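Participant: predicted model and sequence follow; I will ask about them next.
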Amino acid sequence: MHRLLLSGFVLLGMSLAIAVALRPAAAAEATVWQAHYPLAPDHPVVAEGWAPMAAALQPEIDLQLRLIGPRLGTGDALDALSLGTHRMALIPLASYPDEFPYWAMLGELFLVGGESLAAAAAISELVMRECAACQQHFAQRKLVFLGTYGAAPYRLIAPAPLTRANSLEGQTVATPGSLWDRLVEQLGATAAGPAEDPRAALVRGEVTALIDIAAALGQPPLAGHKVAVTRLPLGGYRGAGPFMINRDAWRSLSVSQRRKAFAGAAAGLVRITEAYHRQAAENMAAAAAKGVEVADGELLLADRIRRFATGDQERVVFSAEARFGIADADRFLDRLKALYDKYAILLGPAPATEDAIALLSAEIFDRLDAEIYGLQ
């Protein structure tokens with residue numbers, strides 16, 4: 001579903017050959033939980049998100065980070081958590097449409113809402129507090145879901161800025177997934193389809209544009225290559241559960257420990273989202289300093305994208321009902337949009353970190369019943 005993100009995960013995971021722990025081991029009597037995160041140490045989930053959860057579970061649980069193991073998005077990674085090989089893991093839920101059909105639908109709605117944290121909070125509340133079917137699908141795989149984050153916004157990368165309303169006409173664009181395939185086709189471009197390395201395809205001239213996050217600018221093969229970045233409302237990835245827990249492990253926790261996990265999740269989700277945006281800003285600034293041109297798309301082009309996002313929602317609802325039998329797809333979408341509006345107001349444009357954590361705790365996690373959540 002989200003080709004660029006998963007290809008990046010694979011490259012990062014393959015580059016690491018050892019498991020590391022980012023904090024001292026807990027006391028000997030603590031229960032050891034292995035957490036599977038095959039990512040680079042500076043990835044936002046590892047660098048910012050994992051530590052609050054590890055701290056929240058101390059001293060009873062010694063959460064030990066593993067940066068190697070099954071590749072993200074594979075059946076092996078999902079099985080390892082379901083079977084208890086790992087007690088906690090990052091699971092890109094949108095990559096398993098048959099297992100988690102509501103996430104397949106959500107993966108087609110990542111243009112809904114421009115504020116990443118508000119969008120992530122909306123999805124988290126909807127899935128955790130209102131979607132009984134979502135919880136049933138998690139239970140079938142012996143998983144417990146503790147929220148999602150908002151990754152960095154997608155940007156349009158090409159040899160020159162593509163800012164005008166008709167700039168994508170005739171272009172061949174590598175995208176993160178089927179949602180953006182439809183978008184660029186609506187704008188007159190050709191979607192390139194899956195590629196092993198879309199960034200290399202842009203460098204080689206096999207595609208003429210790429211939708212990707214700003215971090216790509218500082219990584220091979222784009223690093224040092226002459227490109228330009230156009231800022232447009234292209235959404236972002238919100239399809240992963242960074243704190244997915246094995247159901248038996250969750251059951252083994254006391255009620256007070258589960259509440260600690262809720263607190264750790266609220267803090268982790270906010271810090272991951274903030275870290276993504278901080279890294280994106282740093283990457284954009286570094287690229288601009290090296291001569292990468294950065295431009296804003298014209299209002300007419302941005303408006304065409306927003307109108308597509310609104311019109312495409314009807315197609316997504318129909319597809320969810322036809323392919324996966326989701327009978328309440330229209331209601332699910334309406335609730336997602338209503339919850340996004342709620343959090344966009346409550347969080348404002350730039351909330352302080354601790355205020356955002358407190359808000360997610362109060363609105364979502366404090367309203368969960370720690371005695372039964374994830375176990376029904």
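Facilitator: Yep, it's here.

Participant: can you show me the helices along the chain?
Facilitator: Here the chain has its helices, by DSSP state H, at 3-14, 44, 50-57, 75-82, 101-106, 116-125, 132-140, 178-186, 198-204, 247-252, 255-289, 299-324, 329-347, 353-363.

Participant: what is the fifth one packed up against?
Facilitator: The contact analysis (3 or more Cβ pairs under 8 Å, 6 or more residues apart in numbering; DSSP states H and E) places helix 101-106 against helix 132-140, helix 299-324, helix 329-347. (Glycine included, C-beta is placed from N, CA and C.)

Participant: same question, the longest one
Facilitator: Counting contacts by 3+ Cβ pairs under 8 Å, 6+ apart, helix 255-289 is packed against helix 44, helix 50-57, helix 116-125, strand 241-246, strand 293-296, helix 353-363.

Participant: nearest to residue 210, of these?
Facilitator: strand 293-296 (14.9 Å; Cβ to Cβ).

Participant: and the gap between residue 128 and residue 111?
Facilitator: 22 Å (Cβ to Cβ, to the nearest Å).

Participant: go on, residue 177?
Facilitator: 11 Å.

Participant: likewise for residue 302?
Facilitator: Here residue 302 is placed at a distance of 12 Å from residue 111 (Cβ to Cβ).

Participant: what about the two, which has more around it?
Facilitator: Just comparing residue 302 and residue 111: by other Cβ atoms under 10 Å the higher neighbour count belongs to residue 111, 22 against 17.

Participant: so that one sits right up against residue 236, yeah?
Facilitator: No: between residue 111 and residue 236 there is no contact, the gap being 9.1 Å when judged by Cβ atoms under 8 Å.

Participant: how close does residue 191 sit to residue 229?
Facilitator: Counting by Cβ to Cβ - residue 191 and residue 229 are separated by 20 Å.

Participant: those two: who's more crowded?
Facilitator: Remark: of residue 191 and residue 229, residue 229 carries more neighbours, 24 against 19, as counted by other Cβ under 10 Å.

Participant: the more buried one pairs with what?
Facilitator: Per DSSP bridges, the residues bridged to residue 229 are residue 157, residue 294.

Participant: what does residue 241 give?
Facilitator: residue 91.

Participant: is it true that it touches residue 91?
Facilitator: Yes: using Cβ under 8 Å as the test, residue 241 is close enough to residue 91 to be in contact (5.0 Å).

Participant: low-confidence stretches in the stretch 201-350 of the chain?
Facilitator: Within the stretch 201-350 of the chain, no range satisfies pLDDT under 70.
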